[in-house]
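Asker: requesting a structural model of the entry that follows:
(one chain, ligands or ions: 1)
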Amino acid sequence: MNKKVILSGVQSTGNLTLGNYLGAISNWKKMQEDYECNYMIANLHTLTIRNNPETLRNNTLNLLALYLAAGIDPKKSNIFIQSQVPEHAELNWVLNCYTYVGELSRMTQFKDKSAKHADNINSGLFTYPVLMAADILLYQADLVPVGEDQRQHLEITRDIAERFNNLYGETFKMPEGYIPKIAARIMGLQDPTSKMSKSSSIPNDSIFLNDEPDVIMSKFKKAVTDSENIVRYDTENKPGISNLISIYGAISGKTNAEVEKEFEGKGYGDFKKAVAECVIEELRPLQTKYKELVSNPEYLKQIYVEGANKAKEKAEKTLKDVYSKIGLV
Ligand code: TYM
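Answerer: Numbering: from 1, shown residues only. Sure, this is the predicted structure:
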């Protein structure tokens, strides 16, 4: 029986957060048994901001090590680096010509990022969702496991695919998003009304996957809450506590109601400590494995070389079909 195909990726911008982990990577591992998984390191996407070349190279390999440390098994899943499969950039160009400026202008992430980087609103930032569409459509992905913030990018991917299929006949499979019920949008610890982000400028707002246990504990202890002192899920009136409940629930597998029950009669001090402890324990094996892997560049190279070869085989088929359909000789 043919397994359904999965494609997802994370940008190699360094310093991944607990949001990236709970919203995306931790779910990838669970999908390896039942799906044909392709997990990509999105290093081309990072070019929309200015990177130091050496840092980008390191971040790319470090992210590969992190995928492995998080339990992505190269025997079960194909792991590759986006720039090593040139078909991504090639399909990106073609799809750019089937994407309207109007629809790209509506992307909220473009608006947010342009506001953040007002001195560098480059055209790559604008057409960024088209490269993401190329990533997904090249592999004929059925499902794309991502956090809530990527929903709009999945919708435009489907619009582009549908437009192309209507013009040239069935070429791309229609991908669906796979957005977790809990933890699809982990919020900042200091500003629980904004998503936890790699680039937050507020101190103690984000938990990074390489934070030491005492740093994690201290960040949770300082997390913004409210004055009620009752552990209750209510995103509108209690965004800070609700966020902590989501984090605790995502890791422990408990529902909001179960978490509320567990902490009935206990104050925020106890609850914050428990959340911090469960995050520390969840990240501990990952951090240990990560340290081992980053010191083994030969092994990492073997994974990404094999990964790129396998990815290329799949991507080539789709690109050939596209080129032939649109009349490229
Ligand atoms: P990126 O690198 O910004 O984020 C990687 C993944 O983490 C999720 N995420 C979150 N989930 C929950 N709470 C948060 N606070 C949080 N912050 C981030 C994101 O939703 C994402 O799943 N464009 C993509 C990378 C990409 C991609 C693709 C993804 C490139 N090509 C093809 C899927 C398919 C991005 O910038 O994600």
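Asker: what about the residue in the stretch 101-250 of the chain positioned nearest to the ligand, neighbour count?
Answerer: Across the stretch 101-250 of the chain, the shortest distance to the ligand (C-beta to the nearest ligand atom) belongs to residue 147, at 2.5 Å. C-beta here means a position set from N, CA and C on the backbone, and glycine is covered the same way. Number of residues near residue 147 (other C-beta atoms under 10 Å) recorded here: 21.
Asker: now it. Nearest residue, chain neighbours left out?
Answerer: residue 23 (3.1 Å; C-beta to C-beta, 6 or more residues apart in numbering).
Asker: equivalent analysis for residue 79, please.
Answerer: residue 307 is the one closest to residue 79 (C-beta to C-beta, 6+ apart), at 4.7 Å.
Asker: what about that neighbour, helix or strand, and which?
Answerer: Per DSSP states H and E: residue 307 is located in helix 297-326.
Asker: check residue 10 too.
Answerer: Residue 10 belongs to strand 4-11, assigned by DSSP H and E.
Asker: hey, what's the angle from that strand to helix 297-326? Just curious.
Answerer: 120 degrees (axes from the mean of the first three to the mean of the last three C-alpha atoms, to 10 degrees).
Asker: tell me the buried residues in strand 4-11?
Answerer: 5, 6, 7, 8, 9, 10, 11 (16 or more other C-beta atoms under 10 Å).
Asker: surely the second one and residue 136 touch.
Answerer: No - with contact taken as C-beta atoms under 8 Å, residue 6 and residue 136 are classed as non-touching, separated by 10.0 Å.
Asker: quick one: common contacting residues for these two?
Answerer: Counting by C-beta atoms under 8 Å, 6 or more residues apart in numbering, the contacts common to residue 6 and residue 136 are residue 144.
Asker: what residues does the stretch 101-250 of the chain put near the ligand?
Answerer: Residues of the stretch 101-250 of the chain found near the ligand (C-beta under 6 Å from any ligand atom) are 132, 135-136, 144, 146-147, 149-150, 183-186, 195-196.
Asker: now the helices: where do they sit in the stretch 151-300 of the chain?
Answerer: 151-168, 213-221, 239-252, 256-262, 268-294, 297-326 (DSSP state H, counting those that start in this stretch).
Asker: count the neighbours of residue 73 for me.
Answerer: By other C-beta under 10 Å, the residues close to residue 73 number 13.
Asker: swap in the one 4 residues further on?
Answerer: Counted with other C-beta under 10 Å, the burial measure for residue 77 works out to 21 neighbours.
Asker: dump the residue contacts of it.
Answerer: Applying C-beta under 8 Å, 6+ apart, the residues contacting residue 77 are 28, 32, 37, 38, 39.
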